[in-house]
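Engineer: Using only what follows, build the 3D model:
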Amino acid sequence: MKIRKDDTVIVIAGKDKGKTGKVVKAFPQEAKVIVSGVNVMKRHRKATRAGGKGQTVEVTLPVHISNVAMIDPSTKKATRVGRKVVGDKIVRVATKSGTTL
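Structural biologist: Below you'll find the model as predicted:
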């Protein structure tokens, strides 16, 4: 999976198409990521004790990685991610501009 935590991504499909945000958490086994401010749902919580009040909580749900794309730091547009060997290290590279991520 080429998208990692703290990457800036843009949503390319779904109800939040066009929104950008930072990846908060990545789930490589499920091929999903949680992006801040994207795919926010309201969940109703029961009261924790008798006589207490329930509440409505906003929860950010995961988005499949096929519905997000990395943002190129130089052009600020969506790009794919490639790999390049620099010295002894493998570096992630934006395919459109060639800048390192």
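
Engineer: which residue ranges form the strands in the chain?
Structural biologist: Under the criterion DSSP state E, the chain contains strands at 8-11, 20-27, 32-35, 40-45, 55-60, 63-64, 68-71, 78-79, 81-86, 89-94.

Engineer: Tell me the helices and strands packed up against the longest one.
Structural biologist: Under the contact definition 3 or more C-beta pairs under 8 Å, 6 or more residues apart in numbering; DSSP states H and E, strand 20-27 sits against strand 8-11, strand 32-35. For glycine as for every other residue, the C-beta is placed from the backbone atoms N, C-alpha and C.

Engineer: Buried residues of it, list them for me.
Structural biologist: 20-21, 23, 26 (16 or more other C-beta atoms under 10 Å).

Engineer: which residues touch it?
Structural biologist: For strand 20-27, the external contacting residues (C-beta atoms under 8 Å, 6 or more residues apart in numbering) are 1, 3-11, 32-38, 60, 62, 71.

Engineer: can you check the fifth one too?
Structural biologist: Taking contacts as C-beta under 8 Å, 6+ apart, the residues outside strand 55-60 that touch it are 24, 34-45.

Engineer: partners of it in the sheet?
Structural biologist: With DSSP bridges as the test, strand 55-60 is paired with strand 40-45 (antiparallel).

Engineer: now the longest one
Structural biologist: For strand 20-27, the paired strands and their directions (DSSP bridges) are strand 8-11 (antiparallel), strand 32-35 (antiparallel).

Engineer: ok, residue 35 - contacts?
Structural biologist: 9, 11, 19, 21-24, 60, 63, 68 are the contacts of residue 35 under C-beta under 8 Å, 6+ apart.

Engineer: From residue 34, how far out is the residue lying closest to it once chain neighbours are set aside?
Structural biologist: Of all residues not flanking residue 35 in the chain, residue 21 sits nearest, at 4.2 Å (C-beta to C-beta, 6 or more residues apart in numbering). Distance, residue 21 to residue 34, using C-beta to C-beta, to the nearest Å: 9 Å.

Engineer: now the chain, which segments are flagged as low pLDDT?
Structural biologist: Judged against pLDDT under 70, the chain has no low-scoring part.
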